[in-house]
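Chemist: Next comes the sequence, and after it the predicted model I'd like to discuss.
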Amino acid sequence: MVDGEGSCGQTVVCGQMVEGAIMALGLRSPLLERAGFRHAFFGRQGGVSPSPWDSLNFSTASGDAVSAVRTNLQRAAAEIGVSAEHIYYLSQVHGCDHRVLLGQEDREALLFEEGDITLSSVPWVGCGVRAADCPAVLVADRVTGSVAAIHSGWRGTVAGVAAAGVAALRALTNGPGDLIAAVGPHIERCCFEVGADVAAQLAAASDCGAAAVVHGFPKPHVDLRQVIEAQLRSVGVRDVDHVAGCTMCDPEQFHSYRRDGPRSGRMLGVIVAREQGARLRQ
Ligand SMILES: [Zn+2]
């Protein structure tokens with residue numbers, strides 16, 4: 001069943017075998033699925049990493065073995081039907097810089113390039129962001145099939161990274177497109193406690209204002225979903241889906257930096273462009 005583990009994702013046959021062994025790895029947005037975009041918000045289930053990164057982890061920075069992370073990536077790649085060499089993510093720095101991907105880049109080199117947005121129009125390129133509490137936002141253009149993955153933690157949200165990602169996608173496609181988006185699991189309003197200064201910055205980051213700040217706790221909590229959705233809608237994203245899950249509340253399904261500290265694993269949100277005008281599923 002796991003014959004060829006460690007080198008899977010290279011061939012169709014092997015990819016099918018892996019996919020069959022780990023069906024339903026990761027969470028999906030029905031909105032993106034209906035529009036024909038392969039994507040996933042991968043949690044921590046279904047990988048090979050040992051504790052404390054168990055078991056699906058996409059970073060070696062907190063001490064996990066290169067071989068384990070490689071196998072995890074191959075499993076994720078098989079799940080969404082692209083080669084592991086063509087799933088890209090950057091060195092994320094809570095900023096607004098982006099990287100357009102053509103599929104010819106050296107993914108190992110890109111791991112050291114700073115940026116928080118990956119985007120592409122190439123149908124066999126996976127645009128990824130990694131996170132362990134921060135929201136991954138996947139954006140897709142129903143007109144051109146192009147996509148973007150955005151890392152929108154609170155600093156990036158304050159900086160307007162979701163709007164920056166939309167702008168970069170429109171520059172890539174040379175048009176407004178017909179954009180849809182999905183916000184993945186992250187540290188939700190139940191657990192996202194912040195200081196008054198951060199709450200004020202997030203309240204100023206979208207037109208939902210202070211309504212995104214949740215009171216009734218000893219310190220303010222913030223609803224990042226609400227802020228990010230408002231930011232996306234303000235730049236003309238037509239539909240926004242929410243893939244629910246609080247990373248801090250659910251240690252079975254998710255890694256959480258705030259819960260587990262610097263040795264926590266990292267999750268992956270990834271989306272693949274589709275052919276322009278491709279027939280939609282269903
Ligand atoms: Zn929670």
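Modeler: Cool, the structure landed.

Chemist: if you skip the residues just before and after it, what's nearest to A159?
Modeler: Among residues not flanking A159 along the chain, C96 sits closest, at 5.4 Å (Cβ to Cβ, 6 or more residues apart in numbering). Bear in mind the C-beta positions are built from the backbone N, C-alpha and C, glycine included.

Chemist: sec struct for that neighbour, please.
Modeler: Under DSSP: H, G, I helix; E, B strand; the rest coil, C96 falls in the coil class.

Chemist: That one reaches E114, doesn't it?
Modeler: No. Assessed by Cβ atoms under 8 Å, C96 is found out of contact with E114, at 11.1 Å.

Chemist: more neighbours, the two?
Modeler: Ranked by neighbour count (other Cβ atoms under 10 Å), C96 and E114 place C96 first, with 20 against 11.

Chemist: and that one, how far is that from H151?
Modeler: 10 Å (Cβ to Cβ, to the nearest Å).

Chemist: Give me the common contacts of those two.
Modeler: 116-117, 161 (Cβ atoms under 8 Å, 6 or more residues apart in numbering).

Chemist: For these, which single residue is the most surrounded?
Modeler: I117 (30 neighbours).

Chemist: Residue numbers of the stretch 51-200 of the chain in contact with the ion?
Modeler: Residues of the stretch 51-200 of the chain lying close to the ion by Cβ under 5 Å from the ion are 190-191.

Chemist: Which parts of the stretch 51-200 of the chain are helices?
Modeler: Under the criterion DSSP state H, counting those that start in this stretch, the stretch 51-200 of the chain contains helices at 66-80, 107-110, 154-159, 161-173, 196-203.

Chemist: Would you reformat these as a markdown table and include mean pLDDT and distance to S264?
Modeler: As requested, the helices of the stretch 51-200 of the chain are exported to a markdown table (pLDDT from 0 to 100; distance: least, Cβ to Cβ, whole Å):
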| stretch | mean pLDDT | distance to S264 |
| --- | --- | --- |
| helix 66-80 | 97 | 14 |
| helix 107-110 | 94 | 23 |
| helix 154-159 | 98 | 17 |
| helix 161-173 | 98 | 22 |
| helix 196-203 | 97 | 21 |
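
Chemist: Which among the ones you listed is found nearest to E275?
Modeler: helix 161-173 (13.7 Å; Cβ to Cβ).

Chemist: Return the list of helices and strands in contact with the closest one.
Modeler: strand 98-101, strand 117-120, strand 136-141, strand 147-151, strand 179-183, helix 224-234 (3 or more Cβ pairs under 8 Å, 6 or more residues apart in numbering; DSSP states H and E).

Chemist: Touching the helix or strand hosting A40 from outside, list them.
Modeler: Per DSSP states H and E: A40 is located in strand 39-42. Outside strand 39-42, the residues within contact range by Cβ under 8 Å, 6+ apart are 25-29, 32-33, 56, 58, 76, 79-80, 136, 138, 140, 147, 182, 184-185, 243, 245, 267-272.

Chemist: if we go to 7 Å?
Modeler: 25-29, 32, 56, 76, 79-80, 136, 138, 184-185, 243, 267-272 (Cβ atoms under 7 Å, 6 or more residues apart in numbering).

Chemist: could I get that strand in PDB with only the CA atoms?
Modeler: The C-alpha trace of strand 39-42 is given here as PDB (Å, rounded to 0.1, in the frame of the first residue of the first chain):
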ATOM      1  CA  HIS A  39      -6.500  22.700  -3.400                       C
ATOM      2  CA  ALA A  40      -6.300  21.700   0.200                       C
ATOM      3  CA  PHE A  41      -5.700  23.000   3.700                       C
ATOM      4  CA  PHE A  42      -3.600  20.200   5.100                       C
END
